[in-house]
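# pasted the sequence and its predicted model underneath.
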Amino acid sequence: MFGFLEKSRPFKIRSIEDNKKYGVAAKDVNELLKKGCKLLELPLSGAHVCLHADGTKVTEEYFATLPDNTELVLCTEQTWGGSVCDIAHLLRSDQHSIGLIEAAKSLLGDEKSAKRRKILCDLLHNLEDRSELESRDEDEEWFTGVDARFKTKSTYMMYNCESRIRSYMKDLDEATRAVQKVKVREACIQASKSLSEMLKSDKYNGCYFDRSQKDKDRLCTKEGWFTCQGSFDQSKCASLHSINPYGSRESRIMFSTWNLDHRIEKKRTIIPALVEALQNHKSQDINLTYFYRLLFTRDNLKLVHIVCHKKGAHNLLCDPKKVFKTNRKRRSKKIRLK
């Protein structure tokens, strides 16, 4: 008697590197591998087949349970992690951007799910990126609402950073005006002037937002991407927030909600510590460089997405050993730094 002859069944197969699918009929895994490797011009040695959907390796036993026209991926030395690998493959090159934009727009037009519409809108927002354009003439839309004196994105972003950091001086000036004792107020005014001069000499640290600056001076990549550095009490952002305000007008506006957050707090801790130090010491005894770094530099500033910005008390203190200059004799009366 003749043994039972298994019937060949149709499958869709593709390689890891190419998303083009081919129809292959096979009655078992071995036949599928032989035909697939020949069709895709891949070596048979070490080859195996995985489900396109989730990367599950297809064994002979599992093969028998697969429905007709199941989408499969033929792997050799590389591994397949499921559909997410397609995303990784697309993101490795900009050549697919146009196709992705058209596909996302097409899907968005018919999509009813609010959640999926949000995903597609976010995808379009990031794909339609004009960050490589720099001047007003090249990307006029980006400059909508921006003063005409700014001719490039980098100069405006530098100004944006300068404006934020300049505002910290206003907080110090307000605290100075609130000091009741005349001598102490005068000392605070002198300290404020010195800090202002230091800040001016550093061009208000506007380089932090300027992508044309050196790597060590800016907070972004040379393309203009910023990454959230996490809340004051974390070493990094758990949500991996990122944004490129150079890419579009919308991104530029959204970036204004990101914070340059003081780890040791400006109003609650740094400024009160400076004022208190000046209560019983001359301004020349104070280590203004230490306070300058806490107020205006990345030594104490973190760029933080609004979601990661914790507005409660940080409970971090100034270092008493750094408040005064070490080369000057301190007065005998000690102060308590809150």
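Cool, the structure landed.

# in its sheet, what does the strand with the most length in the chain sit against?
Residue-count comparison of every strand in the chain, with assignments taken from DSSP state E, identifies strand 9-15 as the longest. Strand 9-15 has these partner strands in its sheet, going by DSSP bridges: strand 22-26 (antiparallel), strand 71-75 (parallel).

# surely residue 310 meets residue 234?
No: applying CB atoms under 8 Å as the test, residue 310 and residue 234 come out as separate, 9.4 Å apart. Using the backbone N, CA and C atoms, a C-beta is placed for each residue, glycine as well.

# and stretch 14-28, how far apart are its ends?
Distances were taken as CA to CA, to the nearest Å; on that basis the terminal residues of stretch 14-28 are 17 Å apart.

# residues of that stretch that come out buried?
Buried residues in stretch 14-28, counting neighbours by 16 or more other CB atoms under 10 Å, are found at 14, 15, 16, 21, 24, 26.

# and the furthest pair within these?
The distance between the two most remote of these (CB to CB) is 19.4 Å, for 16 and 26.

# related to what we said a few turns ago, tell me which of the buried residues of stretch 14-28 is nearest to residue 254?
Proximity to residue 254 was ranked across the buried residues of stretch 14-28 by CB to CB; first place goes to residue 16, at 35.4 Å.

# ok, now how distant is that closest one from residue 27?
Computed as CB to CB, to the nearest Å, the residue 16 to residue 27 distance reads 25 Å.

# tell me where this protein has helices.
Secondary structure of the chain by DSSP state H: the helices cover 29-40, 60-63, 84-91, 97-110, 114-127, 153-177, 182-201, 249-255, 271-280, 288-296, 320-323.

# for those, give me a markdown table that also has mean pLDDT and distance to residue 74.
A markdown table is the format used below for the helices of the chain (pLDDT from 0 to 100; distance: least, CB to CB, whole Å):
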| stretch | mean pLDDT | distance to residue 74 |
| --- | --- | --- |
| helix 29-40 | 91 | 5 |
| helix 60-63 | 88 | 14 |
| helix 84-91 | 52 | 13 |
| helix 97-110 | 66 | 23 |
| helix 114-127 | 70 | 28 |
| helix 153-177 | 96 | 45 |
| helix 182-201 | 95 | 61 |
| helix 249-255 | 92 | 40 |
| helix 271-280 | 94 | 65 |
| helix 288-296 | 97 | 57 |
| helix 320-323 | 94 | 62 |
